[in-house]
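In: With the sequence up front, the predicted model follows.
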Amino acid sequence: MRDGRQDWDATHDVIVVGSGAGAMTGALMAADDGLDTVVLERTALLGGTSAYSGAACWLPGTQVQERAGLGDSTEAADAYLRALTGDAEAPRRDAFLRHAPELVARLEGDPAIEFEWRAFPDYVAAPGRMDAGRSFVPLDLEPELLGELLPLVRPAVDRDRAGQGHPAGAPLTAGRALIGRLLLAATRTGNAHIRTEHHVTGLVTEDGRITGVEAQTPHGTVRVRARRGVLLAAGGFEGDGPLRAEHGVPGSVAWSMAPRGTNTGELLRAAVEAGAGTGLMDEAWWCPGTELPDGSAAFTLGLRGGLMVDGSGRRFANESLPYDRMGRAIAAAQRADSPIHLVFDSRGGGALPAITVPPVDPADGLAAGTWVRADSLPELARLIGVPADTLAETVGRFNGFAAGGTDEDHHRGEDPYDLFFADRTGAPGPNPCLVPLDRPPYYAARLVLSDLGTKGGLRTDTDARVVDTQGRPLTGLYAAGNTGASFTGRVYPGPGVPIGTAMVFASLAVRHMAGQPADAG
C-alpha cells in the first residue's frame, strides 16, 4: 500500500487489473458506459486462464437458454444453488442471479459478441439441476475480425507453453474466442486502453480511499490513478508456493493450469495490507491432472474408460465424477509415497481414454516414465508399486461390474454427467461408463491433483466491493473472479461457474462505480 500524495503517470476513470473473462467484461461495461478505462495485464498476452478454457459461461435464465428452448429459469437456478450452498451467501447469490440475464442481453447487444448453448450437464444431482446443462459458449471468431489485436490474445495452452502463436488462418475457439470478442467490443468503444506488461504490485491510497495502483513495466515503475475505482480481476494465488503452503492449498504450482509465472498473490497481499478480509483461502477449483514429462500437468476430464487406483491398488471413487469432485477424491486418496494412477488397456490403441488439456502424447509419457506399459497386470502392478494380487482383484471386480452393467462400489454410469462423455455407440456392455480392461498390453498414467485456480481470496459484497474483516467496504476497491472468494463456497455447481460469476461481479462492480449499486435494480 502506498500513499497517493505523489505525481501520477496516468489517470483514468476505471482501472481493471487482469485480462481474463471477468476483467474484460468489466472493461467492456465501463468503456461502453463512457468511462475512460485502462486494462493492466501483467504479461504480454491477454486472457489468462480464461484463454485456455472451454469458455463455458454458467449464466442462468438468459436469452441464450431461451433461444435453445431449454426451459431454464432464474428460479430453477436459485433452487439449485440454494440446495448446494445454503443461505450463507444469499445476498451475493441473489445479486448474481438477478444480474445474469441483464448482462447477457447487454453483451449480445454488441455485434462483436455472440453465444450459443451447448450441452454440458450441471455437476450435482439436486433440485433445479439441468441434466443437459444450462451453460453456453461464444461462437468461434475469425482472426481477420481482430486484425492487429490478434497477437494480443493468449493462444491455446499447448501452443502457449511451446511459445507458439495462433495457427495461421484458424478461427479462435473456446476461451480465445471469448477473450477476442470481449477485446474487440471493448476497443471499438474508443474508451478502453490496453496495457500489457504492466505487473500491478501495489495499491495507492489517499485519505483512506484506494485511488490507484503501482505497476512494474519494462520501462520502470508507473503509478496509475483511478477516478472511479480499481477492479482487481487477475486470478488467484495458485502460482505462489509459499501462499499455497501458508493456507493449506494442496497440489502444486507446477500442476496448476494458470499460465506460467502468473497469479502469484501480489494483489491479495496488497489488498490485505490495505485492510481487506479474506475467505476460502484453502480452496481451489480442483481437477485431475495427467502428469507430463516436464513436471507440469494436463487438465483431465471426460473419461471414456479405464479405472483409477490409489497406492494400495484399489479404486477409491467413481472415475466419471465431475472434475472438481474427482479432484477432491484424489486429494483424499493420495499419499506422497504412492501416487494415483489411471489404469487402462489397449482398447483405444494405447491412447489415454480421456480428454486432456493440453493433449497428451503417450510416447512422451512412456519415455519419461510418467506412463508405464506391461503385457500383464502383475507386471503393471510391479511397475507402479502396488500389490499385484490387489490390482488383479480390482480389475477383475471392475470387469464383473462391466459385464453386469452396475458399479456396486462407486455407482459409475448412474448420473447424466457420467454418461455425457461415454461412448454410447461402441460400448461393449450394458453400461457405457463401465468398459472392461481385458485387452493387453496394459497402461498406467500417473495422475496428480491439479487445479484451474484458487477460489479463495478477497471478501466482497453484492457490488463486488472489497470489504474489510468487519464487512465494511474499502472505498474504491473491487474484486471479481478468482481474486475474490467465490460465493459458491466449497461447491462447483456446473461448467462455467468460475467464468460466469467473474463476468457478473465485474459488471456489478462497474455499475457501482457508475452510480448504480446492485440493490438499485
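Out: In hand now; what should we look at? From a predicted model like this one, the values you see are computed outputs, not experimental measurements. Numbering: from 1, shown residues only.
In: May I ask which helix or strand encompasses the spatially most central residue of the chain?
Out: Geometric centre of the chain, nearest residue: Leu452, 4.4 Å, by C-alpha atoms, centre = their mean. Per DSSP states H and E, Leu452 falls inside strand 442-454.
In: Tell me who's in contact with the residue nearest to the centre of the chain.
Out: With contact taken as C-beta atoms under 8 Å, 6 or more residues apart in numbering, Leu452 is in contact with 49, 53, 256-257, 284-287, 299, 498. C-beta coordinates here come from the backbone N, C-alpha and C atoms, glycine included.
In: next one: Asn263
Out: With C-beta under 8 Å, 6+ apart, Asn263 has these contacts: 48-49, 234-240, 256, 453-454, 482.
In: Return the subset of those lying in helices.
Out: 48-49 (DSSP state H).
In: Type out the ChimeraX command that picks the buried ones from the contacts of Asn263.
Out: Buried residues within the contacts of Asn263, by 16 or more other C-beta atoms under 10 Å, are selected in ChimeraX with:
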select :48,49,234,235,236,237,238,239,240,256,453,454,482
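In: need the contacts of Asn263 in JSON lines with distance to Arg424 and pLDDT, can you?
Out: Formatted as JSON lines, the contacts of Asn263 follow (distance: C-beta to C-beta, whole Å; pLDDT from 0 to 100):
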{"residue": "Gly48", "distance to Arg424": "35", "pLDDT": "98"}
{"residue": "Thr49", "distance to Arg424": "31", "pLDDT": "98"}
{"residue": "Ala234", "distance to Arg424": "41", "pLDDT": "98"}
{"residue": "Gly235", "distance to Arg424": "37", "pLDDT": "97"}
{"residue": "Gly236", "distance to Arg424": "37", "pLDDT": "98"}
{"residue": "Phe237", "distance to Arg424": "41", "pLDDT": "98"}
{"residue": "Glu238", "distance to Arg424": "35", "pLDDT": "98"}
{"residue": "Gly239", "distance to Arg424": "39", "pLDDT": "98"}
{"residue": "Asp240", "distance to Arg424": "43", "pLDDT": "98"}
{"residue": "Ser256", "distance to Arg424": "33", "pLDDT": "98"}
{"residue": "Gly453", "distance to Arg424": "32", "pLDDT": "98"}
{"residue": "Thr454", "distance to Arg424": "36", "pLDDT": "98"}
{"residue": "Asn482", "distance to Arg424": "35", "pLDDT": "98"}
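In: Would you convert the contacts of Asn263 into a markdown table that also reports distance to Leu352?
Out: Converted to a markdown table, those look like this (distance: C-beta to C-beta, whole Å):
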| residue | distance to Leu352 |
| --- | --- |
| Gly48 | 26 |
| Thr49 | 22 |
| Ala234 | 32 |
| Gly235 | 28 |
| Gly236 | 28 |
| Phe237 | 30 |
| Glu238 | 24 |
| Gly239 | 26 |
| Asp240 | 30 |
| Ser256 | 20 |
| Gly453 | 23 |
| Thr454 | 27 |
| Asn482 | 28 |
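In: From the contacts of Asn263, pick the one nearest Asp364.
Out: Of all the contacts of Asn263, Asp364 sits closest to Ser256, with 20.4 Å by C-beta to C-beta.
In: Check whether the closest one really touches Val448, as I assumed.
Out: No: counting by C-beta atoms under 8 Å, Ser256 stays clear of Val448, with 10.5 Å between them.
In: what residues do these two have in common as contacts?
Out: Shared contacts of Ser256 and Val448, defined by C-beta under 8 Å, 6+ apart, comprise Ala297.
In: Would you mind splitting this structure into its domains for me?
Out: 14-282+455-516, 287-450 (automatic domain parsing).
In: Mean neighbour count, those domains: which tops it?
Out: Across the domains of the chain, averaging neighbours per residue (mean count of other C-beta atoms under 10 Å) puts domain 14-282+455-516 on top, at a mean of 21.
In: and it, how far out from the chain's middle?
Out: On the basis of C-alpha atoms, centre = their mean, to the nearest Å, domain 14-282+455-516 sits 10 Å off its chain's mean C-alpha point.
In: ok, now stretch 379-392?
Out: With C-alpha atoms, centre = their mean, you get 35 Å for stretch 379-392.
In: then it to PDB, C-alphas only?
Out: In PDB, the C-alpha atoms belonging to stretch 379-392 read as follows (Å, rounded to 0.1, in the frame of the first residue of the first chain):
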ATOM      1  CA  GLU A 379       3.900 -56.700 -14.300                       C
ATOM      2  CA  LEU A 380       1.900 -53.400 -14.400                       C
ATOM      3  CA  ALA A 381       1.400 -53.600 -10.700                       C
ATOM      4  CA  ARG A 382       5.200 -54.000 -10.200                       C
ATOM      5  CA  LEU A 383       5.900 -51.000 -12.300                       C
ATOM      6  CA  ILE A 384       3.500 -48.700 -10.400                       C
ATOM      7  CA  GLY A 385       4.400 -50.100  -7.000                       C
ATOM      8  CA  VAL A 386       1.100 -51.700  -5.900                       C
ATOM      9  CA  PRO A 387       0.400 -55.300  -4.700                       C
ATOM     10  CA  ALA A 388      -0.200 -57.500  -7.800                       C
ATOM     11  CA  ASP A 389      -3.000 -59.500  -6.200                       C
ATOM     12  CA  THR A 390      -4.800 -56.400  -5.200                       C
ATOM     13  CA  LEU A 391      -4.600 -54.800  -8.600                       C
ATOM     14  CA  ALA A 392      -5.800 -58.100 -10.200                       C
END
